[in-house]
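Novice: next input, structure requested:
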Amino acid sequence: MEKDCELKLGPPERSQKIDVIIVGAGISGLVAAYRLLEKEPSLQIRILEASDNIGGSLQQISQGEIGAKWFEASQAHVYQLLQRMEIPLQQRSIVDAALPRCWELDQGVSSNLANYELQRYINELQLKSPFFRPGRFSIRKNSTKMEKHINNRLFFNESRKFMTNLVELVCGSKASDITYKEFMSICYGCGGLQNIINIYLDCPNTLLEFDSAHLLNVLTKRLQGTEFLLSRQVKAIYHYKDYIEVHDSTQKMHTTDVLILAIPLNALQQINFSPPVPMEMRKLLNNKLKTRLMLTSFIAGYGDGHWRNAGYSGSFLKSEPFIVGCEYRPNVYAGMMIHNSGLEPLVRSIALNALALHFGDAMKTPHTYNQHTFELSSLAHVPLTTPWHRIVWSSSAAASTCYRGFLGGAVQSGLRAALNALLLVRPQVVTWTDVADVHCQNCPNIKDVGPLQLWMSGLNLYNVGYYTLYASSVFLALQFAYKKFG
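Specialist: A predicted model of the protein is given here:
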């Protein structure tokens with residue numbers, strides 16, 4: 001064991017000890033608290049949340065969901081939770097799905113070829129996903145960066161921009177900062193690249209949605225007796241053999257038997273751990289991103305569906321800046337924009353002006369407009385599924401292994417965190433059913449394929465064109481040599 005992270009017995013406790021403290025009041029933290037109390041109602045639980053409201057990525061306004069909106073029925077953990085809570089589900093629908101989409105990728109002289117090579121590349125990555133299950137590969141420092149892999153596979157700038165933007169959206173980091181193997185591992189944990197595109201970009205009518213305010217209301221009612229402390233950012237954690245001491249932004253100290261950190265890696269990097277976390281974990285926490293990427297989600301209400309009047313279904317995608325939009329309700333438009341930190345005040349004008357170029361000037365002046373900004377969670381690390389003594393990791397981005405980064409992953413990581421906490425404070429109440437509930441089945445969108453199909457998937461315009469040119473050059477050189485010297 002590393003000497004500098006060895007735990008010692010703590011001094012006499014300086015505050016009343018709580019059974020379990022949960023940092024983060026997002027869906028993962030709330031599910032963990034719910035499962036803990038369901039299994040052992042006598043537990044004392046306290047939840048610390050850095051913001052001034054609960055819900056995390058679940059944010060609802062009068063027009064609808066401004067945070068996480070949709071999921072697929074295959075995301076079993078969140079689906080089963082909603083059924084158990086008796087939360088009504090509604091299938092996504094748009095007025096006229098037959099109308100064409102408005103994607104920058106579809107415009108220009110080379111759009112057909114760019115779309116063709118992009119679809120082949122996506123298909124190649126989807127077919128190769130089974131090879132990146134946990135434990136089937138190793139990541140080396142000199143592994144090919146995703147940016148280089150994209151440039152070596154795709155010829156057209158339009159398709160290259162699409163993929164680099166998609167990497168940022170999925171991983172929370174630039175394509176130049178993440179390796180191909182890391183990206184493929186994340187895609188596997190997210191249910192496959194096609195699943196990511198369906199939920200984030202295509203938004204088909206097969207997706208399901210629910211009333212997040214209703215879910216949060218039901219969860220908080222079932223957590224009566226749980227202490228919620230909002231606007232309490234955790235600054236320091238002192239980890240001893242017999243308990244944990246947590247210091248928050250109000251200078252208050254909390255003592256607990258078990259600490260669940262239901263926050264992503266970005267937030268973990270802001271906390272001072274004493275003693276330091278183990279070396280492997282330390283590398284992750286010290287590997288801070290060069291650029292903080294933000295995602296601003298927006299909803300705009302109009303008197304009419306101007307996108308339909310312009311002849312489009314509402315599906316919109318622009319590469320620079322990366323803006324995605326879709327019809328949310330007949331006269332309500334929803335979208336998101338990825339940008340650097342500090343540009344939040346400009347999102348409205350940039351996004352609405354981009355939409356107005358295609359859907360008409362009326363898009364610039366919505367009757368109602370709301371936006372909410374989230375920091376993109378970094379997924380560029382192996383899921384943290386094993387507790388560090390009394391510290392349990394959670395959150396969809398940090399700890400889920402099934403539909404990572406989505407609602408299904410948030411619920412799964414919350415269930416696993418509760419299981420690990422119970423094994424520390426009330427092991428006698430844990431059953432094999434609890435273990436099975438956390439288990440991640442093989443993602444239904446990822447299937448093993450044959451070697452021939454896998455090889456064929458690697459053929460694309462870039463490498464076929466390159467090798468054809470190379471073979472032609474060699475043939476002409478040999479022909480010339482034969483005529484001259486033969």
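
Novice: give the buried residues for stretch 60-76.
Specialist: 60, 63-72, 75-76 (16 or more other CB atoms under 10 Å). Every C-beta, even on glycine, is put in place using the N, C-alpha and C of the backbone.

Novice: how far away is residue 228 from residue 239?
Specialist: Distance of residue 228 to residue 239, given as CB to CB, to the nearest Å: 24 Å.

Novice: looking at those two, which has the bigger crowd around it?
Specialist: Ranked by neighbour count (other CB atoms under 10 Å), residue 228 and residue 239 place residue 239 first, with 22 against 17.

Novice: what's opposite the more buried one in the beta bridge?
Specialist: On the basis of DSSP bridges, residue 239 takes part in beta bridges with residue 244.

Novice: in this structure it contacts residue 271, no?
Specialist: No: with contact defined as CB atoms under 8 Å, residue 239 does not count as touching residue 271 (11.2 Å).

Novice: and stretch 95-114, what's its mean pLDDT?
Specialist: In this model, stretch 95-114 has an average pLDDT of 90.

Novice: so which bits of it are buried?
Specialist: Along stretch 95-114, these residues count as buried under the neighbour rule (16+ other CB under 10 Å): 99, 101, 102, 103, 104, 105, 111, 114.

Novice: turn the residues you listed into a markdown table, columns for distance to residue 155 and secondary structure.
Specialist: As requested, those are exported to a markdown table (distance: CB to CB, whole Å; DSSP: H, G, I helix; E, B strand; the rest coil):
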| residue | distance to residue 155 | secondary structure |
| --- | --- | --- |
| 99 | 30 | coil |
| 101 | 23 | coil |
| 102 | 24 | strand |
| 103 | 18 | strand |
| 104 | 17 | helix |
| 105 | 14 | helix |
| 111 | 13 | helix |
| 114 | 8 | helix |
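
Novice: okay, those residues in JSON lines with distance to residue 305 next?
Specialist: As requested, the buried residues of stretch 95-114 are arranged in JSON lines below (distance: CB to CB, whole Å):
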{"residue": "99", "distance to residue 305": "10"}
{"residue": "101", "distance to residue 305": "15"}
{"residue": "102", "distance to residue 305": "13"}
{"residue": "103", "distance to residue 305": "18"}
{"residue": "104", "distance to residue 305": "21"}
{"residue": "105", "distance to residue 305": "23"}
{"residue": "111", "distance to residue 305": "25"}
{"residue": "114", "distance to residue 305": "29"}
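
Novice: quick one, phi psi at the nearest residue to residue 172 once chain neighbours are set aside?
Specialist: Once its chain neighbours are removed from consideration, residue 172 has its nearest residue in residue 376; the separation is 3.8 Å (CB to CB, 6 or more residues apart in numbering). Residue 376 adopts backbone torsions of phi -60, psi 130, taken as degrees, to the nearest 10.

Novice: residue 337 is in contact with residue 376, correct?
Specialist: No: in this structure, residue 376 is not within contact of residue 337 by CB under 8 Å, at 11.6 Å.

Novice: so what's the residue count around the residue nearest to residue 172?
Specialist: Here the number of neighbours of residue 376 (other CB under 10 Å) works out to 21.

Novice: got the domain boundaries for the protein?
Specialist: Taking automatic domain parsing as the domain assignment, the record places the domains of the chain at 3-90+210-288+382-438, 105-202, 293-375.

Novice: residue 472 is nearest to which of the ones you listed?
Specialist: When the domains of the chain are compared for distance to residue 472 using CB to CB, the nearest one is domain 105-202, at 17.1 Å.

Novice: and that closest one, end to end?
Specialist: With CA to CA, to the nearest Å as the measure, the first residue of domain 105-202 is 13 Å from its last.

Novice: what stretches of the stretch 101-250 of the chain score poorly on pLDDT?
Specialist: For the stretch 101-250 of the chain, residues meeting the criterion pLDDT under 70 lie at 134-142.

Novice: ranges for the strands of it?
Specialist: Along the stretch 101-250 of the chain, the stretches classed as strands by DSSP state E, counting those that start in this stretch are 102-103, 208-210, 227-229, 234-239, 244-248.

Novice: quick one: the last one to strand 234-239, angle?
Specialist: Read it as strand 244-248. 170 degrees (axes from the mean of the first three to the mean of the last three CA atoms, to 10 degrees).

Novice: packing partners for strand 244-248?
Specialist: Other elements packing on strand 244-248 under the criterion 3 or more CB pairs under 8 Å, 6 or more residues apart in numbering; DSSP states H and E are strand 17-23, strand 234-239, strand 253-261.

Novice: chain center to that strand, what's the gap?
Specialist: Going by CA atoms, centre = their mean, to the nearest Å, the spacing between the C-alpha centre of strand 244-248 and its chain's C-alpha centre is 28 Å.

Novice: likewise for the first one?
Specialist: How far strand 102-103 lies from its chain's middle: 24 Å, per CA atoms, centre = their mean.

Novice: same check, this time on stretch 83-94
Specialist: The gap between where stretch 83-94 is centred and where its chain is centred comes out at 21 Å by CA atoms, centre = their mean.

Novice: now do stretch 218-232
Specialist: 25 Å.

Novice: do the same with stretch 320-337
Specialist: What separates the centre of stretch 320-337 from the centre of its chain is 18 Å, taken as CA atoms, centre = their mean.

Novice: in the stretch 351-486 of the chain, what spans have low per-residue confidence?
Specialist: Applying pLDDT under 70 to the stretch 351-486 of the chain flags residues 441-471, 474-475, 480, 482, 486.

Novice: can you give me the strands in it?
Specialist: 368-375, 391-393.

Novice: of these, flag the one that's most buried.
Specialist: Greatest average neighbour count among the strands of the stretch 351-486 of the chain goes to strand 391-393 (a mean of 24), per mean count of other CB atoms under 10 Å.

Novice: so what sits against both of residue 376 and residue 337?
Specialist: Taking CB atoms under 8 Å, 6 or more residues apart in numbering as the contact criterion, the residues that touch both residue 376 and residue 337 are residue 295.

Novice: burial measure for residue 273, as a count.
Specialist: Residue crowding around residue 273 was assessed by other CB under 10 Å; the count is 17.

Novice: wasn't it part of a helix?
Specialist: No: looking at residue 273 with DSSP: H, G, I helix; E, B strand; the rest coil, it is strand, so not inside a helix.

Novice: surely it and residue 239 touch.
Specialist: Yes: counting by CB under 8 Å, residue 273 sits close enough to residue 239 to count as a contact (6.8 Å).

Novice: buried residues, stretch 227-239. List them.
Specialist: Applying a neighbour-count criterion of 16+ other CB under 10 Å, the buried positions in stretch 227-239 are 228, 232, 233, 234, 237, 238, 239.

Novice: same question, stretch 205-218
Specialist: Of the residues in stretch 205-218, those buried under the neighbour-count criterion (16+ other CB under 10 Å) are 207, 208, 209, 210, 211, 212, 215, 216, 218.

Novice: redo the strands of the stretch 101-250 of the chain as TSV? Include distance to residue 430.
Specialist: What follows is the strands of the stretch 101-250 of the chain, written out as TSV (distance: least, CB to CB, whole Å):
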stretch	distance to residue 430
strand 102-103	49
strand 208-210	29
strand 227-229	24
strand 234-239	23
strand 244-248	21
